[in-house]
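Enquirer: how would this look folded up:
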Amino acid sequence: MKFIFGLLSFATVGLIIGIPFWKNDKEAEILRLRYIKPEVLSWSPRIILLRNFLSMEECEYLKALGYPRLQSSRVIDGKTGKSVDSKGRTSSGMFLSSKERLHPMVQEIERRISIYAQVPVENGEPLQILRYEENQFYETHFDYFSDTHNFKNGGQRIATMLMYLSDDAEGGETYFPKGGSGECNCGGKIVEGLSVKPIKGNAVLFWSMGLSGQSDRNSVHKACEVLSGTKWSAVKWMRQRAFHQVQRVI
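Expert: Numbering: from 1, shown residues only. The predicted structure is shown next:
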């Protein structure tokens with residue numbers, strides 16, 4: 001446990017001073033070292049903006065993978081640990097299958113996520129592709145689990161990489177009420193806290209657990225309402241231990 005949270009501390013500092021030297025140009029290309037520009041947005045909760053995390057080609061590729069199998073998004077029931085419908089989450093989405101995760105471009109993205117988050121690839125859940133259309137949103141929530149059922153496969157969720165695959169929507173910001181003391185926009189409203197505007201290729205890395213190993217209640221966040229257009233995103237949740245893929249829809 002101390003080891004994994006030591007890695008998380010290293011990741012936060014490492015993203016500020018720069019990712020270490022890599023052995024070859026191929027590795028540097030996978031990690032997009034010439035393009036990605038990290039910026040710490042908040043220390044509590046820990047939130048890092050990664051500009052140009054995905055290429056335009058990668059964004060379109062993930063959208064194409066997701067589109068044919070989109071279904072209504074669901075949430076985890078805190079009592080049973082099962083996926084259920086919710087009026088508070090109105091997007092549509094899908095998880096990449098184990099076969100789709102073998103695609104070279106997907107593997108490069110997953111390795112990049114692992115390096116920048118400093119969490120092993122095998123600790124990551126399958127990428128989820130999400131689409132928010134006009135008037136759709138996801139109400140305030142935590143990414144960590146409040147039930148014990150989901151701990152059995154990989155333990156608690158410790159960090160989230162949220163990647164934006166489009167930027168032609170109005171609204172749709174990712175809003176952290178505890179992420180700052182200033183004012184920001186959320187679905188056309190002025191609110192207090194911190195919000196991140198969806199920009200194609202950018203990503204937001206944030207931690208749901210603190211260095212002490214306790215769930216960080218300051219990590220509460222929401223997907224603000226889309227006012228017009230369509231917002232596409234991809235999310236990777238990372239666990240304490242290796243996660244064994246199961247087929248599901250949430």
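Enquirer: the protein: helices as residue ranges?
Expert: For the chain, helices defined by DSSP state H occupy the ranges 2-17, 25-30, 56-66, 104-117.
Enquirer: mean pLDDT lowest where, among those?
Expert: Least confident of the helices of the chain, judged by mean pLDDT, is helix 2-17 with a mean of 47.
Enquirer: shaky segments in the chain?
Expert: Applying pLDDT under 70 to the chain flags residues 1-23, 78, 81, 247-250.
Enquirer: show me what contacts residue 134?
Expert: Going by Cβ atoms under 8 Å, 6 or more residues apart in numbering, residue 134 touches 226, 227, 228, 229, 230. C-beta: built from backbone N, CA, C; applies to glycine.
Enquirer: and those, which two are furthest apart?
Expert: Within the contacts of residue 134, 227 and 230 form the most distant pair, 11.4 Å apart (Cβ to Cβ).
Enquirer: thinking again about what came up before, ChimeraX command for the buried members of the contacts of residue 134?
Expert: In ChimeraX, this line selects whichever of the contacts of residue 134 come out buried by 16 or more other Cβ atoms under 10 Å:
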select :226,229
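Enquirer: so which of the contacts of residue 134 is the closest to residue 30?
Expert: Using Cβ to Cβ, residue 230 comes nearest to residue 30 of the contacts of residue 134, at 28.7 Å.
Enquirer: who's in contact with the closest one?
Expert: The neighbours of residue 230, taking Cβ under 8 Å, 6+ apart as the test, are 131, 132, 133, 134, 166, 168, 169.
Enquirer: run the last query once more with 6 Å
Expert: Contacts for residue 230 (Cβ atoms under 6 Å, 6 or more residues apart in numbering) come out as 133, 169.
Enquirer: likewise residue 194?
Expert: Residue 194 sits next to 42, 176, 179, 180, 184 when contact means Cβ under 6 Å, 6+ apart.
Enquirer: quick check: chain neighbours aside, which residue is closest to it?
Expert: Nearest residue to residue 194 in three dimensions, chain neighbours excluded: residue 179, at 3.2 Å (Cβ to Cβ, 6 or more residues apart in numbering).
Enquirer: pretty sure that neighbour sits against residue 44.
Expert: No: contact criterion Cβ atoms under 6 Å: residue 179 and residue 44 do not qualify, at 8.5 Å.
Enquirer: show me which of these two is the more surrounded one.
Expert: The neighbour comparison of residue 179 against residue 44 (other Cβ atoms under 10 Å) goes to residue 179, with 26 against 12.
Enquirer: please report how far residue 196 lies from residue 53.
Expert: According to Cβ to Cβ, to the nearest Å, residue 196 and residue 53 sit 12 Å apart.
Enquirer: who has more neighbours, the two?
Expert: Set side by side, residue 196 and residue 53 show more neighbours around residue 53, with 26 against 22, by other Cβ under 10 Å.
Enquirer: burial of residue 104, as a residue count?
Expert: 7.
Enquirer: brain fart, residue 140
Expert: 12.
Enquirer: surely it is in contact with residue 224?
Expert: No: if you go by Cβ under 6 Å, residue 140 and residue 224 don't touch, sitting 10.3 Å apart.
Enquirer: from residue 79, how far off is residue 161?
Expert: For residue 161 relative to residue 79 (Cβ to Cβ), the value is 28 Å.
Enquirer: same question, residue 207
Expert: Residue 207 is 25 Å from residue 79, by Cβ to Cβ.
Enquirer: equivalent analysis for residue 178, please.
Expert: Distance, residue 178 to residue 79, using Cβ to Cβ: 25 Å.
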